[in-house]
Each structure stands twice: as structure tokens, then as C-alpha cells.
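Q: Mind folding the following:
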Amino acid sequence: MFSAATSRPVLADQLTFGGGGCTPVNVSSGAASYSCTPFSSSALTVTAQGAGNLATGAFGTYSVVADSGGIGLGSGADSGSYFTVTYDFGGLGITSGTAAFDIIVSGLLSINTGTSNAEFEYVGETGTINSSPLPAGGTPLASGGSEIVIDTPISDGTTELTFSLVLTTDCAGVQQCTSIADFLDPTTITGASAYDSSGNLVSATFVSESGFNPNAVPVSAPEPSSILCLGAGLLVVFAPLVLCRGTLVDSQVARMYAPVIPVG
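A: As a prediction, the model looks like this:
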């Protein structure tokens, strides 16, 4: 079973990418990317990728297993990918209460046989997904978009936001299988609000330890190009799909790295 580590770092911004059996990548500010292909042949391909930027609050990840059946073993493979994000916000200007963070997640799950799954995980918070209460600890995601709100407690003028996106792709025991979980279109933090202990909306300054402001306005919004790319290739064959995703990684990363203009 593939899983991300969701324990909290101590009072520090952190971004971690991992999956596919390669060494995870971890940064405490700025941008990071991840690419792992532990196995690639004409018969079997396993790939995990990720890219994101703590400065812009945008993160994506991708996992695929494709077994053409040519190895003749009938065993296939399974893999996965993930990212985990933590932001520490201090100096909010409010001593206690609740912070609410708005997050948009978009992606595609596709198989011809096998399984592919995505799960949004979070630590110790409450909130909603598409206006329904979030289950404790995590919630499965389907293809398409989801609007998530995570509530975190404010204590002594600080709050901490931690969440993960975990993908699994599985062709184990199956030949002629393609399993794709594509969430490279970035999961994006789009805003933050603060409420006092009585539930009243109050003014607060959200700037994380590494300088991220969730209420800044991006110069350009992320585009759903990875989903369009995959949709064009899914009904054809796996090889063109890999090439299409390979060309998209740099452009996805470029959008995630786009500068932001602070409000006010």
C-alpha cells in the first residue's frame, strides 16, 4: 500500500515529493520538481512525477503504470506518487480563532484494466469538499475538479496548514494494463480567511514562513492542459501519452513558478 507521510514538521514551510521508489525531494521554500522512472521498457513502464512551488501555492503530481503484456509474466506492477505541503503562518494579527484555506484540486483517473486512485489527506483539521463535510483524515477524489476548504485552529497568532495528495496506480497481476493518475494540473491554494472564536469574519495577515501569501493574485491562472493532453491520448496507445506528458512537465512547472502580485 502506497502512502504519504502526513506528520507535521515543526513550525516550518515544507514541500515534499515522492513515489515510484526513488528518493523523495524536499524543500523549505521556492520551487521543486520530481521525476522517477524505476522501470521502463517496451513491455512495462512505471513513472512518477511532481512539480510545485511554495511561493505560489501550486502543486501537481502524476503516476502511471503501463504493461503491454510483452514480458509474459502476468505480474504487472503497482506504483504511486505524492506531495505533502506544510505552511506555517505567524503574525496573523488575531490571537485565537479559526483559519479557512480555499484549495482547488483537478485531475484525471484512467484505466483500461487495473486500478487508479487519488486521495486528499490532511492532518488534524476539519473542512468541506464541494460543500460537504470532509471525512476525518482524508477523502478519495474522482476525475474532474474539487473545491476544498480546510479549517485550522489559530493559537497565539499562528496557524499551520498541512495536506497531501496521494496517487496510486496498480496493474499488479494484470497484463495489457494501463493505469494513470494525473493530477499535474496543480492543486492550488486560492485564498485564506480568519474567524474569531465566535465565528465572525475578521481581518488577518496571511504570510507564511517562506513568504507565501494565499491572498495574492496570480498573474495567470493554471490551465487544464494536462487533462486535455491525456484525454487525447487515452483512447489511442500508451506511448504517445507518455510523450505528451513528457513535453508538458516543463510548461506545467513554468506556470507553477509564475510570479504573484500582492493584493493591496
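Q: Out of the helices and strands in the protein, which is least certain?
A: strand 260-261 (a mean of 35; mean pLDDT, DSSP states H and E).
Q: for the biggest strand by length in the chain, the distance to its chain's centre please.
A: In the chain, with assignment by DSSP state E, the single longest strand is strand 177-195. Relative to the chain's own centre, strand 177-195 is displaced by 5 Å; criterion: C-alpha atoms, centre = their mean, to the nearest Å.
Q: avg pLDDT for that strand?
A: Throughout strand 177-195, pLDDT has a mean value of 95.
Q: Partner strands of it and their direction?
A: Strand pairing for strand 177-195, using DSSP bridges, gives strand 58-67 (antiparallel), strand 96-111 (antiparallel), strand 201-202 (antiparallel).
Q: from what I can see Glu147 touches Phe101, true?
A: No. Counting by C-beta atoms under 8 Å, Glu147 does not reach Phe101; the two are 11.6 Å apart. Where you see a C-beta, it was placed from the backbone N, CA and C, and this is true even at glycine.
Q: Please identify which of these two sits among more neighbours.
A: More neighbours surround Phe101 than the other of Glu147 and Phe101, with 25 against 13 (other C-beta atoms under 10 Å).
Q: Neighbours of the nearest residue to Asp182 once chain neighbours are set aside, how many?
A: Distances taken as C-beta to C-beta, 6 or more residues apart in numbering put Leu108 closest to Asp182, at 4.6 Å, once the chain neighbours are dropped. By other C-beta under 10 Å, 24 other residues sit near Leu108.
Q: With the one 5 residues further on instead?
A: In terms of burial, Thr113 registers 15 neighbours under the definition other C-beta under 10 Å.
Q: ok, it to Ala172 distance?
A: 11 Å (C-beta to C-beta, to the nearest Å).
Q: From what I see, the residue nearest to Asp182 and Ile180 are in contact.
A: Yes. Here Leu108 reaches Ile180: they are 7.1 Å apart, a contact under C-beta under 8 Å.
Q: can you give me the helices for the protein?
A: Under the criterion DSSP state H, the chain carries helices at the ranges 225-233, 238-256.
Q: tell me the mean pLDDT for the longest one?
A: I take that to be helix 238-256. Mean predicted confidence for helix 238-256 is 39.
Q: do the shortest one as well
A: For helix 225-233, mean pLDDT rounds to 38.
Q: ditto for stretch 78-93
A: Here the average pLDDT along stretch 78-93 is 94.
Q: buried sites along that stretch?
A: 78-89, 92 (16 or more other C-beta atoms under 10 Å).
Q: got it, and stretch 26-46?
A: 27, 29, 31-36, 44-46.
Q: if you look at these, which of them are in strands?
A: Those of these lying in strands (DSSP E): 27, 31-36, 44-46.
Q: Ala43 versus Ala181, what's the distance?
A: 21 Å.
Q: give me the beta-bridge partners of the closest residue to Asn26 other than its chain neighbours?
A: Once flanking residues are discounted, Asn26 sits nearest to Thr16: 4.6 Å by C-beta to C-beta, 6+ apart. Beta bridges link Thr16 to Asn26, Thr84 when assigned by DSSP bridges.
Q: now swap in Gly80 and tell me
A: Counting by DSSP bridges, Gly80 forms beta bridges with Thr168.
Q: Dump the buried residues of stretch 26-46 to TSV, plus pLDDT.
A: Compiled in TSV, the buried residues of stretch 26-46 are given as follows (pLDDT from 0 to 100):
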residue	pLDDT
Val27	96
Ser29	95
Ala31	96
Ala32	96
Ser33	96
Tyr34	96
Ser35	95
Cys36	94
Leu44	82
Thr45	87
Val46	91
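Q: In those residues, find the pair that's most separated.
A: Ser29 and Leu44 (37.2 Å; C-beta to C-beta).
Q: okay, and for the stretch 1-150 of the chain, where does confidence drop off?
A: 1-11, 69-76 (pLDDT under 70).
Q: Looks like the residue nearest to Asn26 contacts Thr84 (just checking).
A: Yes. Using C-beta under 8 Å, Thr16 is in contact with Thr84, at 4.6 Å.
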